[in-house]
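A.B. asks: here is a sequence together with a model predicted from it:
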Amino acid sequence: MSAFKAPIGTRDVLGEEGARFAAVVSRFGRTVGLFGYELVVSPMFEDVGVFRRGVGEESEVVTKEMYVFEDKGGRSLALRPEGTASVVRAYVQHRPPLPWRCWYLTPAFRYEHPQAGRYRQHHQLGAEALGSADPELDVEVIGLLATFYRALGLRRLELKLSSMGDGACMPAYRALLAGYLESRSAELCAEHRLRYSRNPLRVLDCKKPECRLVAEAAPRLADALCGPCRDHFGRVTSGLDALGIPWRHDHTLVRGLDYYTRTTFEFAATALDSAQNGLGGGGRYDGLAEALGGPPTPGIGFGTGVERILLACEAEELADLGTGVPQVFVVDLLGGRAATLLADELRRAGVSTTRAFDDRSLKAQLRQADRSGARLAVIVGPDEEATGTVTLRSLRRDSVAGPGEADAAEGPGAEQRRVGRQDLLAAVSGWLR
RNA sequence: GUGGCCGUAGCUCAGUUGGUUAGAGCGCCAGGUUGUGGCCCUGGAGGUCGGGGGUUCGAGUCCCCUCGGUCACCCCA
């Protein structure tokens, strides 16, 4: 096969799916607008250090999944594997007034073996809020994501919540856990027997039965939290309760990115039976700005995958995401220029309009009009031209109501009628109402 | 990175122990209607059977390699 295909793990979104993709994005835009977040656009590639130091040297994403390349100037760059590190880098560079609350849509690249709901390029919608350590901000950000999912009509969701502690209690817990694991290291699975000391937290969500057994009895982070972290977590959960957002404390929620402190959360779609049912997640990253060379600045945010959302909507059979079908289809038997002008007039008036090209037969144009999903055809041919009129024809089963003369041959209740050329807009908008 | 399953028209698939010019449905295009879509009828276009090599008189069918898809592990959106 000599024709090119999209690279492995990537895909083209078009047709019906394109309409749903656009609907998801626009609904996110509406939601963040409701919350007063501003759009931030940052580059799709960054100095590789942004991710190494931001996401974490030890993380799976950085160690094995990054697309790293050298440009012609010898700079070492990486395609962004996620959104947060870039946004925080932009914050450090521009220092916008705090609190800075923003949102984005970005492709994300990870070199992984593709499978259901997982691609080498996927798309994330995200929001970040920097400059406040107030737990009410955590509640707002999680609430924003919940509001968005609700706006899409998603119902079968589970919110998992945890706390990663902070600079005071996390290192102590890590040491405590490492000590515990050492005492039972012989019982761990082959992989973790050798690597538990490098990142003890990973053992907690290892799926191997032997590790699970050891993890059951391990000291819990929730019990090791310092006072301030415990208070913070309590304020977050009570805030979610107050907003009526159900949640579940998940001790095994150890998110893969190293920058998280305190609150971490993840929404899973229970309607999805595939292995990848995580819709979106995030957390607080109070040390991230500093790690990227900026002033200490607390922050919290999330990313959510558009492809996963689309899968979840499909699983919950949410058909009504609003497709981009036009309202009017102009049929032109005069060679095509008349359609250009009529479509322009309708579009200027805010009526979404499409038309045919290549001067096809009336039959062919109407067939195309039917398929387009438009409600109404506006037909111009020699007869209309001679009489200064246009013909409005219903493309549905209903008849053409409103102003204008019913087609003499069809009588009242006809599915098409003639109106004066100058009455086009009034007749069309009357009909579409 | 590891493993299971699968690659025949745009899509979903059929193709008998290897045997003539590779089929169907849907979709697309045209006609049946001197200006009327949806339903129906008729016709048409569209395939180097993923690619390469091998076995054979002969390969969509058998063997090897390779590329791709899919699902799972790992990890994550």
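C.D. replies: Perfect, thanks for sending it.

A.B. asks: close to RNA strand B: what parts of the stretch 101-250 of chain A are there?
C.D. replies: The stretch 101-250 of chain A comes close to RNA strand B at residues A:108, A:110, A:112-119, A:122, A:124, A:202, A:205-207, as judged by Cβ under 7 Å from any atom of the strand. C-betas here are computed from N, CA, C, even on glycine.

A.B. asks: can you rerun that using 6 Å?
C.D. replies: A:110, A:112-119, A:122, A:124, A:202, A:206-207 (Cβ under 6 Å from any atom of the strand).

A.B. asks: how close does the closest residue to A:Phe109 other than its chain neighbours sit to RNA strand B?
C.D. replies: With Cβ to Cβ, 6 or more residues apart in numbering as the criterion, A:Phe109 has its nearest non-adjacent residue at 3.9 Å, and that residue is A:Leu79. Between A:Leu79 and RNA strand B the computed distance is 13 Å (Cβ to the nearest atom of the strand, to the nearest Å).

A.B. asks: and the residues of the stretch 101-250 of chain A next to RNA strand B, which two are the farthest apart?
C.D. replies: A:Gln124 and A:Cys206 (26.4 Å; Cβ to Cβ).

A.B. asks: buried among the residues of the stretch 101-250 of chain A next to RNA strand B? Make that a PyMOL selection.
C.D. replies: Buried residues among these (16 or more other Cβ atoms under 10 Å), as a PyMOL selection:
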select buried, chain A and resi 110+112+117+118+119+122+124+202+206
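
A.B. asks: closest to A:Leu292 among the residues of the stretch 101-250 of chain A next to RNA strand B?
C.D. replies: A:Gln124 (19.2 Å).

A.B. asks: chain center to the helix ranked longest in chain A, what's the gap?
C.D. replies: Counting by DSSP state H, the longest helix found in chain A is helix A:15-35. Chain-centre distance of helix A:15-35: 8 Å, with Cα atoms, centre = their mean, to the nearest Å.

A.B. asks: got it, and stretch A:113-132?
C.D. replies: Relative to the centre of its chain, stretch A:113-132 is centred 7 Å away, using Cα atoms, centre = their mean.

A.B. asks: span of that stretch from start to end?
C.D. replies: End-to-end distance of stretch A:113-132 (Cα to Cα, to the nearest Å): 38 Å.

A.B. asks: over to stretch A:377-391?
C.D. replies: By Cα to Cα, one end of stretch A:377-391 lies 8 Å from the other end.

A.B. asks: repeat that for stretch A:340-359.
C.D. replies: With Cα to Cα as the measure, stretch A:340-359 spans 12 Å from end to end.

A.B. asks: by mean pLDDT, point me to the weakest helix or strand of chain A.
C.D. replies: Every helix and strand of chain A was ranked by mean pLDDT, DSSP states H and E. The lowest is strand A:405-406, at a mean of 44.

A.B. asks: circling back to that earlier point, in helices, which of the residues of the stretch 101-250 of chain A next to RNA strand B appear?
C.D. replies: Those of those lying in helices (DSSP H): A:Arg202.

A.B. asks: and which of the residues of the stretch 101-250 of chain A next to RNA strand B is nearest A:Asp71?
C.D. replies: Distances from A:Asp71 to these, taken by Cβ to Cβ, are shortest for A:Arg110, at 20.3 Å.

A.B. asks: contact partners for the closest residue to RNA strand B within the stretch 301-433 of chain A?
C.D. replies: Here the residue of the stretch 301-433 of chain A nearest RNA strand B is A:Asp383; by Cβ to the nearest atom of the strand that distance is 2.3 Å. By Cβ atoms under 8 Å, 6 or more residues apart in numbering, the residues touching A:Asp383 are A:Thr389.

A.B. asks: and the next helix or strand past the host helix or strand of it?
C.D. replies: Assigned by DSSP states H and E, A:Asp383 falls within helix A:382-387. Going down the chain from helix A:382-387, the next helix or strand is strand A:389-394, by DSSP H and E.

A.B. asks: now that following strand: average pLDDT?
C.D. replies: Averaged over strand A:389-394, pLDDT sits at 95.

A.B. asks: rewinding a little: chain center to the helix holding A:Asp383, what's the gap?
C.D. replies: On Cα atoms, centre = their mean, the centre of helix A:382-387 falls 50 Å from that of its chain.

A.B. asks: what number of residues are in the vicinity of the closest residue to A:Leu130 other than its chain neighbours?
C.D. replies: Excluding its sequence neighbours, the residue lying closest to A:Leu130 (Cβ to Cβ, 6+ apart) is A:Gly299, at 3.8 Å. Residues lying near A:Gly299 (other Cβ atoms under 10 Å) number 29.

A.B. asks: surely A:Gly299 and A:Leu288 touch.
C.D. replies: Yes - contact criterion Cβ atoms under 8 Å: A:Gly299 and A:Leu288 qualify, at 6.5 Å.

A.B. asks: returning to that earlier point: now the residue nearest to A:Leu130: how far from RNA strand B?
C.D. replies: Using Cβ to the nearest atom of the strand, A:Gly299 is found at 15 Å from RNA strand B.

A.B. asks: need the three-state assignment for A:Ile379.
C.D. replies: Following DSSP: H, G, I helix; E, B strand; the rest coil, A:Ile379 is assigned to strand.

A.B. asks: how confident was the prediction at it?
C.D. replies: 97.

A.B. asks: ok, now A:Gly179?
C.D. replies: pLDDT for A:Gly179: 86.

A.B. asks: picking up where we left off before, quick one: residues contacting the residue nearest to A:Leu130.
C.D. replies: Applying Cβ under 8 Å, 6+ apart, we find A:Gly299 in contact with A:Val88, A:Tyr91, A:Glu128, A:Ala129, A:Leu130, A:Gly131, A:Arg284, A:Tyr285, A:Asp286, A:Leu288, A:Ala289.
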